[in-house]
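[1] Sequence plus predicted model, see below.
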Amino acid sequence: MEPLTAEGTGSGAIRVVPYNPDWPFLFARIKHELVCHLGGLLDSVHHVGSTSVPGLAAKPKIDVDAVIADTARLEEAVALMRLKSEWAFQGEPYGDGVWTFTSGHGSWGARLYLCAPGTATHEKRILFRDWLRTHCEDAAKYEALKRRLAAEADGDWNAYTGGKSSFVTAIVERARLEVQADRQREKIDG
């Protein structure tokens, strides 16, 4: 599939809201919809992004990574999702093998990322999510950073997202090193 890019970068105020305990249920609803629609094409469906971290303030947007079981069937999965009128196709905006769809639901929305197994972007999202779930101090720092950037960005999504990148990169690297160390210990302990 040829990479496609999304039009524009979004506009309007960037809202970071307090954690909502309904977010896991909203994710479960989306997951159920995906399982019904994509069925056997799916390997796994993951709640990622800030709404997946209990207690963390976030934009009211449920981020979902849907990993397709067979890379050769990713194009088929994308085509099936494009048939769903409630999901707007955004293409492959970053050229990383992750196909994006968005859906609005009034006071909240969703962003779906379809990808193949082993996609680097997906693996980084899981590392980041799992780290923040188990390292409350870093989650609090991330929340403070997001709130500051949202206030300073004045609706500039590139500034907001770009302002988070060094923090995210550092956490992903720490998480990757920890996972590698855990695997090494498991080999030794046998």
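    Structure received.
[2] which stretches of this protein form helices?
    23-38, 74-82, 120-134, 136-153, 157-189 (DSSP state H).
[3] which of those helices is buried the deepest?
    Comparing the helices of the chain by mean neighbour count (mean count of other CB atoms under 10 Å), helix 120-134 ranks first with a mean of 18. The C-beta positions use only the backbone N, C-alpha and C, and glycine is treated the same way.
[4] Could you pull up the mean pLDDT of that one?
    Helix 120-134 comes out with an average pLDDT of 97.
[5] what's the offset of it from the middle of its chain?
    In terms of CA atoms, centre = their mean, to the nearest Å, the centre of helix 120-134 is found 9 Å from the chain centre.
[6] again with stretch 26-42
    16 Å.
[7] ditto for stretch 22-29
    14 Å.
[8] Contacts for that stretch, please.
    H47, T51, S52, A58, I62, V64, H105, W108, A110 (CB atoms under 8 Å, 6 or more residues apart in numbering).
[9] same thing but 7 Å
    Stretch 22-29 is contacted from outside by H47, T51, I62, V64, W108, using CB atoms under 7 Å, 6 or more residues apart in numbering.
[10] Is it correct that the second one is in contact with A57?
    Same thing as T51. No. Using CB atoms under 7 Å, T51 is not in contact with A57; the gap is 9.7 Å.
[11] Please say which of those two ends up with more neighbours.
    Counted by other CB atoms under 10 Å, T51 and A57 do not tie: T51 has more neighbours, with 26 against 21.
[12] intersection of neighbour lists for T51 and A57?
    Here T51 and A57 have no joint contacts, going by CB under 7 Å, 6+ apart.
[13] follow-up on the earlier one: the helices of the chain into JSON lines, with extra columns for distance to R15?
    Shown next, in JSON lines, are the helices of the chain (distance: least, CB to CB, whole Å):
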{"stretch": "helix 23-38", "distance to R15": "14"}
{"stretch": "helix 74-82", "distance to R15": "26"}
{"stretch": "helix 120-134", "distance to R15": "20"}
{"stretch": "helix 136-153", "distance to R15": "7"}
{"stretch": "helix 157-189", "distance to R15": "11"}
